[in-house]
Every structure is written in C-alpha cells, then in structure tokens.
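A.B. asks: everything below, folded, please.
(chains A and B)
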Amino acid sequence: MIPLLRHIFRTGILTEPMPEAEGGPQREIDRLHDEILKVLGRALTIREVDAGSCNGCELEIHALNNPYYNLEGRGIKFVASPRHADMLLVTGPVTRNMENALRIAYDCTPDPKLVVAVGDCGCNGGVFGESYASCGAVDNVVGVDLRIPGCPPTPLALMQGILAAIRTAK
Amino acid sequence: MIFHAEPIEFVRQPGLGAPVWRGRAADGEDMLRFAISVHRHQGRLAALWGEDRRQQGAGYRLHCVFALDEGWPWLSLDLAAEGDRCPVYPDLSGIFPAANRMQRATRDLVGIASDGSDQRPWLRHGAWPADWYPLRHDAVHEVGMGAGFANFPSDYEFVKVGGEGAHEIPVGPIHAGIIEPGHFRFSVVGERVLRLEQRLGYQHKGVEKLLIGADLAHGARLVGRVSGDSTCAYAWAYADAVEAACRVEPPPRALHLRALMLERERVANHLGDLGALGNDAAFAFGLTQFMRLKEDWLRLNQQLFGHRFMMDRIVPGGVVMDVDATALAAMIEQCGVVRDEVRKLRALYDAHAGLQDRFATTGAIDTALARELSLSGMAARASGILLDGRAHRQGYTPPAPYAQLGVRPVTDERGDVAARVAVRFDEIYESLRLLREIALGLPGGEIRVEVAPLGDASGLGAIEGWRGEVLVGVQFAADGRLARVHPHDPSWQAWPALEHAVMKDIVPDFPLINKSFNLSYSGADL
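C.D. replies: Sure thing, here's the model as predicted:
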C-alpha cells in the first residue's frame, strides 16, 4: 500500500485547465459547472454509442477520462445505459447493421436529450460515405444537435464540442 | 518452391516485404490436400477471401493464405461461374476452425460458398437481399438514405444450451462501455459460463466495396481506417502489398521510419490495455497511471508526426514525413522515462494480491488450442507459441528493417490473463529498446519513391501489428486502379479463441478476459 500511495503522491495532479469552448471564452471550471447546472439541473451524463466507427474515435473518447482531461472530475460522466443519459455521443458512419440499435438507443434516452455526432464519419459519412452497408452521417438516422469533425477529433476538440453542445441547448 | 512434397508449385513474391509464395490449386481437392498438409505441419490458416473475376473473362477466385514456419503460402483456386448460382469449394473449417466465419463472410460478400454445413450468414444481417452479393462487379446499389434495399434485421440461430438451470444472457450490440458494437450470447448456469457465442458484423461498413475501383492514395486512406488502433500496421501491410505488386522497393530510411511508427503504435496500445486491465479488476489506480503515460506518448506522436495515431503517414513507396535529430532525441528521452515508469507500475501490479488473483488462471488457452484456432500475435505468444513476424526463427528471416534489428520475441506458457499481461509488459520493454535502436541507427536518404500502378499485378503484405498478424491482399485491374483489396485482421482468428477462453470462468470475469485480448470489431467486420 505504501509504494502505491507514494506513486500517487509522486505523480501529483495532472489535470489541465478546461479549453475554451467554440464561440466564446469559457475558461473557469466553476462557470462551466454553473452552466451545466443551468441547462440540465444536474451533472451531465453521456452515453457513447459506436454506430460503426473504425475505433479511432473511441480511443480519443477514452482519453477524455485520463488525468489530463479528467472529464469526470468536471461532473461529466459516461454512463452504461441510454436511459441514464442526457447526451448521446455517437461515432459513425452509422452502419446499416447498427441503424436499428442506434434508433432504439435514441428512443430510450429521456427528453430533453442532446445528440452529438463525433468524427468526420459521424458528421458526414467520412471516407465510408453512404453505401449498401452504411447510412453515412449520424443525422441520416437520428437528429443531431452538434457535430465534432476530425479523424479522429482530439480530446480537446471533443471537450470543446461537448461544451458547445451544452451552450446551444441553453 | 514446393511445400511438404505437395504437387503445387509456389513462386516467391518479389520485394522487401514478408516472405510470401504464390501458388494455384488445380481444383478443390488439390486445395484441400494442401490445407491438410499445412495443418499436419503445425501451420495456420492466415486469411481467406473471394474475388469476382468475371470481368477478366474468368469466374470467381478463392484466396487462401496459410502460414508456415518459412512464411506465407498464398494459394488461389479458380471457380467457374454458373449463371447466378453460388460456386462451391471444399469446406476448410473441419481442418482449420478459423475458416468458418471467413467462409460465411465470403459467401455473404462474393457469393461463393463452402460445401460445409454451417451456412448461416455472418456479415449480412438483413440489410441487403440473400441473393445480392456486394463484391460482385455487377452488384449496383442505389446510394442514399431511403434508396436501395429495405433493412430488416434478421434473427440468428444461436446454438442452444439445454439442461436444468441453463439460461442465456444476451449482451449487445451496444455494450456498457465506450467500445465497439457486437453481440455476445452467454449460456450460463448460475454465474458459470457454459458457452459463449458471438454474433459480429455490426461494424460492417462496406470497406472492400469502396476499395474496388479506388486509386492507390484513396486505397491507403481506406485501409488505414479498417481498425483505427492498428492504422500503422494496416497502412504498412497495404504498402507492402502494393510495392510487391508494382515491383517497387521503398528506401531504407522509409522502412526504419515505418518500424518506428509501428513500434510506437504497439506501445500505445499495450499501455492503454494494461491500464484498462487494472481497471477491469477494480484497480482504478492502474487505469489512471497508464492512461497518463499513454497520453504523453500520443502527444509526442502529434509532435513528431502531426497525428496522435500516425494515420496516413505510411503510404505505398515510403512515408510522407521525416523526423529530424531533435525529434529523435525527444523520442529517445521519452523511451527512457516510460521504461522506468512502466517498471515501477509493473512492480505494483505484481505485488497486488487482489489483481493477481483476478489475472491468474482466468481465461486460459493452452498451446494446442491456440494452434488449432490458428491464433497469431500477442495472444498466441501468451499461449506459448513462439511466433512473431518481426523475429528470426528457423527457416524464417523477417523483412527489413527487422532482420537487422534482431527482435527478441516474448512468450509465456500460461495462456491466461496473467500471461497476456506479462507479454504486454515485456513487449513494451522490447519495443522501447527497438525504438532506441531505430532512432540511433536511422539511415539517411530519401523517405519516399514514386509508385506506378502495374496493371493486373497482385501482392500480399504481412505485418506483425500489436494485436497480431495484419494481412492485406491487393489485386490491380488492367487500368491500374484497385480491382480487389482484402484487409485481414488477426481478430478473425482470435474472436473464436475468446469464446473458448471464457468457458468455465464466471460471467464477471468476461470483461477482464475480453480486455486481455482487446480484439477489433471493425477490423473483422470490414
């Protein structure tokens, strides 16, 4: 136990300040928390749905919870069920084999809900586009509030997008 | 070249890539005999796919890539087209169980079928009709939402487990975590797993169809996105295949830079998975610590290569960007820091009784089973098979630049989660050592040569990615465009191994066992 605690102590706190949201300065964490509270009345919960990605976007979404970005430390939490979620974070392209499952997840998410399309594929189909196997962009299947482009988008771009989505909802 | 006195004459593919021999089977019997001989010599089935060659005035072609100690014999079997009927070839799944899903996918996509009993669709879930085959050149589809085929998700015949108290737990396609989609059907008694059956294909986005008619550069972008976590391995395998087909040799500096990227990709994935493995055993400390190291690692990738995962940096003919001496120095320094940190974390993992209790004996696959399932890569090495495409072994010389680097492959006899953890730790150390060697001995010169597509040529690339053997087969059309590209992920062989690994363990151990393999859905669903 002692070596473990020593290691934690030695590593220290690595969390970096929040980035600025697109469209305006959004520096202080307190202000962000206030804004989330105003919009949702509580912390923000996200259900991530991979609807056909190459798994590149998932690598970066995972990174959001590393100690540098520490999204959960800001009250933004990934949950296991769409029924517990305020926001669906959807990566694409939406495959036709996932079309039905995505619709079900969307219907299971309580209103008011936010849908964010992640990555070039989620935004517009990306290199995969629309085909016999792919529906392309997420908003071909469910309504989208905000798009975060990138292949894959960096964790910073993801954070900015999530903040911007909260602002648009407001 | 003749293998095991079988009557098929093989010819070595040119180029600097992995040793691949090309051969043609006269008929189905010929192919079957060769497959049996490969199996008898402890070989593996590496990949299987189909090709429509009716536009070339022929019929269909079945491609089987086998793996032997010497390298990869690539065997083709021509099948006559008979109207709209599915041509049939002998079932290989009785010899290599790994053939089962590949054969079913080949039927779904190309419309050539094995004569085996399991004809359940694999990639076709009801989004297109059973008698429409997307990879046939005359398969045209109205593109655009609302156009084309209706989407009727079909039922799937899972194998039923009977007996008192046996019940099923269906999981997915959407899983609880931030992870790709797939369906797992557990048959359990109490919490003990009697059987796991996977149904995959949810990530099928038609990559191979898009590759038909693509040019070289677009092909590289597509193949680099078959499985994002292995983008370097795929891009290199594709480049190798194209270079072998077009008789091009990339410059030495490019080969070293490719190896540098591939090893950085390996380390990044092992770091992430070691953290996640701690987390799945309720040791959140491990996740935080390893994710920190991984983030540092990816940030340096961004600095060195302008992309955190180095996508689109390896292309046919070489690499698109060079690194300077300052960048190399930064990389060498980081290798030292990460090595020291990983050593400390390993000591903490090894000393943690709760963690070791979860890891040891969980999800075990013995050597014989691993061979039977044609397993490759990290998982095979953790089941005691000394098999690494980067390392010398009897009769096998690895492709450049690994031949000069002298890779020491890592194995573990235990085959359980603990073994896969140990192999990942040791592979990080070995990759860090290699990175240093590559950086210190980086040859000068060009980083890219021109590649002119060669009409009707073909080639195969094989790269030892972090998960295992990544293969890409390329066939050019007469006009120099891509006629057919097949990317093959090691997950094809490893998914069935996961089904075996969870048997007799308990349901709560599944996430841990699953993560110890961390297989690609997208890579195998294509």
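A.B. asks: where is the longest helix in chain A?
C.D. replies: helix A:155-169 (DSSP state H).
A.B. asks: which elements pack onto that helix?
C.D. replies: helix A:29-40, strand A:44-50, helix A:56-63, strand A:87-91, strand A:114-118, strand A:146-148 (3 or more Cβ pairs under 8 Å, 6 or more residues apart in numbering or on different chains; DSSP states H and E). (C-beta placed from N, C-alpha, C; glycine too.)
A.B. asks: against which helices or strands is the strand or helix carrying B:Y234 packed?
C.D. replies: Using DSSP states H and E, B:Y234 sits in helix B:231-246. Helix B:231-246 is packed against helix B:216-223, helix B:252-280, strand B:314-315, strand B:458-464, strand B:469-476, strand B:482-488, with contacts defined by 3+ Cβ pairs under 8 Å, 6+ apart.
A.B. asks: please redo it, this time with the cut-off set to 10 Å
C.D. replies: With contacts defined as 3 or more Cβ pairs under 10 Å, 6 or more residues apart in numbering or on different chains; DSSP states H and E, helix B:231-246 has these neighbours: strand B:20-25, helix B:216-223, helix B:252-280, strand B:314-315, strand B:318-319, strand B:458-464, strand B:469-476, strand B:482-488.
A.B. asks: closest to B:V337 out of those?
C.D. replies: helix B:252-280 (12.4 Å; Cβ to Cβ).
A.B. asks: check which element follows the closest one along the chain.
C.D. replies: helix B:284-305.
A.B. asks: one step back: now the helices and strands packed on helix B:231-246 in CSV, with mean neighbour count and mean pLDDT?
C.D. replies: Converted to CSV, the helices and strands packed on helix B:231-246 look like this (neighbours: other Cβ atoms under 10 Å in any protein chain shown; pLDDT from 0 to 100):
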stretch, mean neighbour count, mean pLDDT
strand B:20-25, 21, 95
helix B:216-223, 20, 96
helix B:252-280, 24, 96
strand B:314-315, 26, 97
strand B:318-319, 25, 96
strand B:458-464, 28, 96
strand B:469-476, 28, 97
strand B:482-488, 25, 97
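A.B. asks: what about the chain, any weak spots by pLDDT?
C.D. replies: Picked chain A for this. Applying pLDDT under 70 to chain A picks out residues A:18-42, A:170.
A.B. asks: oops, I was thinking of chain B
C.D. replies: Those would be B:142-147, if you go by pLDDT under 70 across chain B.
A.B. asks: closest residue of it to chain A?
C.D. replies: Residue of chain B nearest chain A, by Cβ to the nearest Cβ: B:G228 (2.7 Å).
A.B. asks: any idea how many residues pack against the closest residue in space to that residue that isn't next to it in sequence?
C.D. replies: Spatial nearest neighbour of B:G228, excluding adjacent residues (Cβ to Cβ, 6 or more residues apart in numbering or on different chains): A:G56 at 2.7 Å. A:G56: 25 surrounding residues under other Cβ atoms under 10 Å in any protein chain shown.
A.B. asks: one more: A:A80?
C.D. replies: So A:A80, with other Cβ under 10 Å, has 13 neighbours.
A.B. asks: for chain B, list the residue farthest from the centre, please.
C.D. replies: Each residue of chain B has a distance to the centre, and by Cα atoms, centre = their mean the biggest one is for B:E164: 39.2 Å.
A.B. asks: which ones are touching that one?
C.D. replies: B:V189 (Cβ atoms under 10 Å, 6 or more residues apart in numbering or on different chains).
A.B. asks: ok, now which ones touch the nearest residue to B:R221 once chain neighbours are set aside?
C.D. replies: Spatial nearest neighbour of B:R221, excluding adjacent residues (Cβ to Cβ, 6+ apart): A:V127 at 5.6 Å. For A:V127, the contacting residues are A:54, A:93, A:120-121, A:151, B:205, B:207, B:210, B:214, B:218, B:221-222, B:224-225, by Cβ under 10 Å, 6+ apart.
A.B. asks: check A:P67 too.
C.D. replies: A:11-16, A:73, B:287-289, B:291-292, B:295.
A.B. asks: try 6 Å
C.D. replies: Going by Cβ atoms under 6 Å, 6 or more residues apart in numbering or on different chains, A:P67 touches A:L14, A:T15, B:T288, B:R292.
A.B. asks: buried subset of the residues you listed, written for ChimeraX?
C.D. replies: Command for ChimeraX, covering only those of the contacts of A:P67 found buried under the criterion 16 or more other Cβ atoms under 10 Å in any protein chain shown:
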select /B:288,292
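A.B. asks: closest one of the contacts of A:P67 to B:G272?
C.D. replies: B:R292 (11.1 Å).
A.B. asks: element containing the residue lying closest to that closest one once chain neighbours are set aside, please.
C.D. replies: The shortest distance from B:R292 to any non-neighbouring residue, by Cβ to Cβ, 6+ apart, is to A:P67 (5.3 Å). Using DSSP H and E, A:P67 sits in no helix or strand.
A.B. asks: B:T288 versus A:P67, what's the distance?
C.D. replies: Distance of A:P67 to B:T288, computed by Cβ to Cβ, to the nearest Å: 6 Å.
A.B. asks: likewise for B:L298?
C.D. replies: 16 Å.
A.B. asks: try B:L405
C.D. replies: 33 Å.
A.B. asks: can you name the residues of chain A that neighbour chain B?
C.D. replies: A:4, A:48-50, A:52, A:54-56, A:58, A:61-62, A:66-68, A:80, A:93, A:95-101, A:105, A:127-128, A:130-134, A:140 (Cβ under 6 Å from any Cβ of the partner chain).
A.B. asks: tell me who's in contact with the spatially most central residue of chain A.
C.D. replies: What sits nearest the mean C-alpha location of chain A, by Cα atoms, centre = their mean, is A:L89, with 4.4 Å. Residues in contact with A:L89 (Cβ under 6 Å, 6+ apart) are A:I46, A:E48, A:V116, A:V118.
A.B. asks: appreciated, that's everything.
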